[in-house]
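[1] This is the structure alone, sequence omitted:
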């Protein structure tokens, strides 16, 4: 997503590469290490989204600013409102 190497993220978070490797592997870690990694990612432009904050399906991440032009959308023509995310049309309504 950001193109950061593991050593760069560990350095930005102030933790060792071994600690970051353990976190990435799913091992339990000190909350301070997780907070440090999150803060480093946020400083690099990652936004953490809570479940149903912008879309449904669980928590996730996005970039604060677009990484570049999308090949299949025109940003000025794409609007997605949270209230329209739920499919409430009857089956076969098309659309």
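    Good, I have the coordinates. The structure displayed is predicted, hence computed values, not measured ones. Numbering: from 1, shown residues only.

[2] need the next SSE after the lengthiest helix in the chain, C-terminal direction.
    As assigned by DSSP state H, the longest helix anywhere in the chain is helix 31-43. With elements assigned by DSSP states H and E, the helix or strand that comes after helix 31-43 is strand 46-49.

[3] hmm, back to that, hmm, who's touching the longest helix of the chain?
    Outside helix 31-43, the residues within contact range by C-beta atoms under 8 Å, 6 or more residues apart in numbering are 2, 9, 12-15, 19-20, 23, 48, 61. Heads up, the C-betas are built off the backbone N, CA and C, glycines and all.

[4] are any of the residues you listed buried, and which?
    Among the contacts of helix 31-43, those classed as buried by 16 or more other C-beta atoms under 10 Å are 9, 12-13, 15, 19-20, 23.

[5] want to try TSV for the contacts of helix 31-43, with distance to residue 90 as columns?
    Below are these laid out as TSV (distance: C-beta to C-beta, whole Å):
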residue	distance to residue 90
2	43
9	48
12	50
13	50
14	54
15	52
19	52
20	49
23	46
48	36
61	34
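
[6] In helices, which of the residues you listed fall?
    9, 12-13, 19-20, 23.

[7] Redo these as TSV? Include distance to residue 36 and pLDDT.
    As requested, those are arranged in TSV below (distance: C-beta to C-beta, whole Å; pLDDT from 0 to 100):
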residue	distance to residue 36	pLDDT
9	10	91
12	9	92
13	4	93
19	9	90
20	10	91
23	10	87
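
[8] As TSV, those with distance to residue 39 would be great.
    TSV is the format used below for the ones in helices among the contacts of helix 31-43 (distance: C-beta to C-beta, whole Å):
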residue	distance to residue 39
9	11
12	9
13	7
19	15
20	13
23	14
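
[9] Now the terminal residues of stretch 5-18, how far apart.
    By C-alpha to C-alpha, to the nearest Å, the extent of stretch 5-18 from end to end equals 13 Å.
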